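S.K.: give me the fold of what follows.
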Amino acid sequence: MNESLTIRRPDDWHVHLRAGEMLRSVLPFTARQFARAIVMPNLSPPVTTTVLARLYREQIVAALPENSGFNPLMTCYLTDTTDPDDVEAGFAEGVFTAAKLYPAGATTNSANGVTDIANIRPVLERMAEVGMVLCVHGEVTDPEIDIFDREAVFIERILDPLLREVSELKVVFEHATTEEAVDFVSAAGPNVAATITPQHLHINRNAMLAGGIRPHAYCLPVAKREKHRLALRRAAVSGSPKFFLGTDSAPHTRETKESACGCAGIFNAPFALESYLAVFEEEGALVHFEGFASEHGARFYGLPLNEGTVTLERSTVRVPDEIAGIVPFHADEQLRWRFVG
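M.R.: Predicted structure coming up:
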């Protein structure tokens, strides 16, 4: 039995760092464990241009702990009126690493998102030309579609036709939650990959609904049936380079979660690696953890692998009930691994 595990320093390919005081509160947890992170642009107002992305990156860097070495990778929030020239220029200048597709109304601060994929076709074609990654929140927002089916319908109606028409576009299907997403990504070409969150590996929809409404288990996309959780676990631990780490850590204060219309999002950054590692151990797949956490994402994005390592040791750690006014994932639970840096 391994008593410790040392891997190449990992990256988080999907994180919400927020702004202002919340940014200063949550950023150290991501910077402690990860060398880089794809930072989501759904602020209010959103990060829709190269200028705004540069300003947001400056705010993040200013809030970093001293000598952290953390590198925030910025994304462009796509809207119906996004300028392809600005996206290309931001990518060429190294300001943008990717662009993010939020279907309008799909999740937190997505009201300014895309109302019809046809509206951003010129942007997507330009991204395919220059090799820029499209990060996708893969859900339709049609109110007639059951919320538990919105990911599968998005694949059928939007993503599959898009990739047939713009076949060279590099796409990350973010926070995959269904067996359908796993099957689609697995069968697609090398230009399609997916991130998987720790919460969707640990919980199914019972965690949110059984025994009462549990708002701190509510995120978007919502957790699904048990068969989907098991499909995600198989994909994550498989060693396939198409699946890699993306926490989708999305902090909200206790008050905004425990309200009449609670916010969607799970704050998992403080114990992200410990949470993932528990799954890989349970599945007998520790040998594949480094690839999932530290290699597959960087290679998909065409970025160099990180120098340096991190170590986790087998040691019980209790997750606090609250951190900086936020209830974290695994609150008041014990995890079997401890990040030691």
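S.K.: I figured G325 hits R254, correct?
M.R.: Yes - at 6.1 Å, G325 counts as touching R254 under the criterion of CB atoms under 8 Å. Using the backbone N, CA and C atoms, a C-beta is placed for each residue, glycine as well.
S.K.: next SSE downstream of the host helix or strand of V279?
M.R.: Using DSSP states H and E, the element containing V279 is helix 272-282. On the C-terminal side of helix 272-282, the nearest following helix or strand under DSSP H and E is helix 289-290.
S.K.: packing partners of that following helix?
M.R.: When contacts are defined as 3 or more CB pairs under 8 Å, 6 or more residues apart in numbering; DSSP states H and E, helix 289-290 sits against strand 4-8, helix 272-282.
S.K.: tell me which of the ones you listed is the most buried.
M.R.: Among the helices and strands packed on helix 289-290, helix 272-282 has the highest mean neighbour count (mean count of other CB atoms under 10 Å), at a mean of 22.
S.K.: and the residue lying closest to G302 once chain neighbours are set aside, how far from A31?
M.R.: Distance criterion CB to CB, 6 or more residues apart in numbering; nearest residue to G302, sequence neighbours excluded, is G131 at 7.1 Å. Separation of G131 from A31 (CB to CB, to the nearest Å) stands at 28 Å.
S.K.: of those two, who's got more company?
M.R.: For the pair G131 and A31, the greater number of neighbours falls to A31 (23 against 13), based on other CB atoms under 10 Å.
S.K.: re the thing from before, so for P241, which of the helices and strands packed on helix 289-290 sits nearest?
M.R.: Of all the helices and strands packed on helix 289-290, it is strand 4-8 that lies closest to P241, at 14.6 Å by CB to CB.
S.K.: all strands of the stretch 1-150 of the chain, in order?
M.R.: Taking DSSP state E, counting those that start in this stretch as the test, the strands found in the stretch 1-150 of the chain are 4-8, 12-15, 36-39, 71-77, 96-101, 133-136.
S.K.: how far does stretch 226-245 stretch from start to finish?
M.R.: By CA to CA, to the nearest Å, the extent of stretch 226-245 from end to end equals 20 Å.
S.K.: contacts for that stretch, please.
M.R.: Residues outside stretch 226-245 that contact it (CB atoms under 8 Å, 6 or more residues apart in numbering) are 10-13, 176-179, 182-183, 185-186, 188, 192-196, 200-204, 206, 223, 276, 279-280, 283, 285, 287-288, 291-293, 295-297, 299-300.
S.K.: for A194, helix, strand, or coil?
M.R.: strand (DSSP: H, G, I helix; E, B strand; the rest coil).
S.K.: check the gap between it and A104 for me.
M.R.: A194 is 22 Å from A104, by CB to CB.
S.K.: next, count neighbours for the closest residue to F29 other than its chain neighbours.
M.R.: Spatially, and ignoring its direct neighbours in sequence, F29 is nearest to A269 (4.0 Å; CB to CB, 6+ apart). A269 sits with 30 neighbouring residues when counted by other CB under 10 Å.
S.K.: does A269 touch S25 like I think?
M.R.: No - when contacts are counted by CB under 8 Å, A269 is not listed as touching S25 (10.5 Å).
S.K.: which neighbours do these two share?
M.R.: In contact with both A269 and S25: P251, using CB under 8 Å, 6+ apart.
S.K.: residues contacting H14?
M.R.: 37-38, 40, 135, 174-175, 195, 197, 246-248.
S.K.: for it, give its distance to E144.
M.R.: Distance, H14 to E144, by CB to CB: 28 Å.
S.K.: now do H288
M.R.: With CB to CB as the criterion, H288 and E144 are 40 Å apart.
S.K.: ok, F300 next?
M.R.: Between F300 and E144 the computed distance is 34 Å (CB to CB).
S.K.: which one of these two is surrounded by more residues?
M.R.: More crowded of F300 and E144, by other CB under 10 Å: F300, with 22 against 5.
S.K.: give me the contacts around the longest strand seen in the chain.
M.R.: When the chain is parsed with DSSP state E, its longest strand is strand 309-318. Strand 309-318 is contacted from outside by 1-10, 33, 271, 273-274, 277, 332-341, using CB under 8 Å, 6+ apart.
S.K.: rerun that using 6 Å as the cut-off
M.R.: Strand 309-318 is contacted by residues 3-6, 8-9, 277, 334-335, 337-340 when judged by CB atoms under 6 Å, 6 or more residues apart in numbering.
S.K.: what does stretch 212-221 give?
M.R.: Contacts for stretch 212-221 (CB under 6 Å, 6+ apart): 107, 139, 151, 177, 203, 207-208, 257-258, 262, 264-266, 327.
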